[in-house]
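Student: only geometry, no sequence info:
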């Protein structure tokens with residue numbers, strides 16, 4: 001069977017994994033999940049007890065959760081090294097370093113901003129404090145990433161890799177939360193511009209936005225969440 005990525009909308013970090021599957025160039029299926037609705041339902045816990053996306057159904061029918069675990073699964077099957085590198089070369093260490101930074105400190109810096117946005121019953125003073133703290137953390141993490149970016153078209157050279165996939169799903173949160181102008185970090189801004197223009201990212205973004213016919217791609221179709229839960233849920 002084709003692997004199935006369960007990805008969230010709106011503005012899910014998992015959009016980057018859709019782009020990675022496109023770069024990988026092998027058939028896959030998708031399951032589009034409303035993170036503000038379906039993902040919070042009790043039945044979704046049968047797929048991921050933490051009520052998070054992404055989740056992944058492997059070609060053997062096993063359920064994988066956590067972005068880094070899914071990325072590792074893709075890397076191990078990237079025999080043509082379209083989105084990764086020879087594991088015995090030096091580049092994978094750099095790629096894994098960048099992936100870890102993006103998936104931990106960089107992504108986590110936005111957590112206070114999401115908490116403030118979603119906390120409907122939260123006291124205004126608490127919301128304000130979370131927003132201020134979140135903005136400071138996001139700016140600090142962007143400063144660090146700007147330092148890590150080298151003079152290449154993408155994070156690790158002239159082609160996008162798994163590190164770029166993880167970044168493209170979350171980098172847009174800077175604009176969504178109106179933290180600062182992206183031009184404050186010129187190297188990162190240029191990288192984001194190239195990623196946003198990449199056909200795989202354009203395709204993945206269109207799918208996330210619910211476009212029924214976004215053009216040619218390797219996606220073999222969408223699956224209903226209820227069917228995924230019934231077939232693969234614990």
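Tutor: Yes, it's here. Small disclaimer: the values here were computed from a predicted structure and weren't measured. Numbers count the residues shown, from 1 in each chain.
Student: contacts and neighbour counts: CA atoms only from here.
Tutor: OK.
Student: who touches residue 162 in this structure?
Tutor: Shown in contact with residue 162 (Cα atoms under 8 Å, 6 or more residues apart in numbering): 20, 71, 75, 83, 84, 95, 99.
Student: repeat for residue 79
Tutor: Contacts here follow Cα under 8 Å, 6+ apart; on that basis residue 79 touches nothing.
Student: Can I take it that it is in a helix?
Tutor: No: per DSSP: H, G, I helix; E, B strand; the rest coil, residue 79 lies outside any helix segment and is coil.
Student: Now for the contacts of residue 162: which two are most distant?
Tutor: 20 and 95 (14.0 Å; Cα to Cα).
Student: Show me which of these two is the more surrounded one.
Tutor: Higher neighbour count among residue 20 and residue 95: residue 20, with 26 against 19, using other Cα atoms under 10 Å.
Student: Need the three-state assignment for the residue nearest to that one when sequence neighbours are not counted.
Tutor: Spatial nearest neighbour of residue 20, chain neighbours left out: residue 165 (5.7 Å); criterion: Cα to Cα, 6 or more residues apart in numbering. What three-state DSSP gives for residue 165 is helix.
Student: Can you give me every residue that contacts residue 165?
Tutor: 16, 17, 19, 20.
Student: these two touch, right, residue 195 and residue 201?
Tutor: Yes: contact criterion Cα atoms under 8 Å: residue 195 and residue 201 qualify, at 6.7 Å.
Student: With neighbour numbers in mind, choose between those two.
Tutor: residue 201 (24 against 21).
Student: Mind listing the shared neighbours of residue 195 and residue 201?
Tutor: In contact with both residue 195 and residue 201: residue 168, using Cα under 8 Å, 6+ apart.
Student: Which one of the contacts of residue 162 is nearest to residue 146?
Tutor: Lowest distance from residue 146 to the contacts of residue 162 (Cα to Cα) belongs to residue 99, with 14.4 Å.
Student: Leaving out the residues flanking it, which one is nearest to that closest one?
Tutor: Here the residue nearest residue 99, using Cα to Cα, 6+ apart, is residue 163, at 4.9 Å.
Student: Number of residues surrounding the one you found?
Tutor: 26.
Student: From the contact counts, what lies against the lengthiest helix in the chain?
Tutor: The longest helix of the chain (DSSP state H) is helix 124-148. For helix 124-148, the elements it packs on are helix 111-118, helix 186-197, judged by 3 or more Cα pairs under 8 Å, 6 or more residues apart in numbering; DSSP states H and E.
Student: Swap in 10 Å and give it another go.
Tutor: helix 91-101, helix 107-108, helix 111-118, helix 173-176, helix 186-197 (3 or more Cα pairs under 10 Å, 6 or more residues apart in numbering; DSSP states H and E).
Student: Reformat those as a markdown table; add distance to residue 125 and mean pLDDT.
Tutor: Putting the helices and strands packed on helix 124-148 into a markdown table (distance: least, Cα to Cα, whole Å; pLDDT from 0 to 100) gives the following:
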| stretch | distance to residue 125 | mean pLDDT |
| --- | --- | --- |
| helix 91-101 | 31 | 96 |
| helix 107-108 | 22 | 97 |
| helix 111-118 | 10 | 94 |
| helix 173-176 | 21 | 98 |
| helix 186-197 | 32 | 98 |
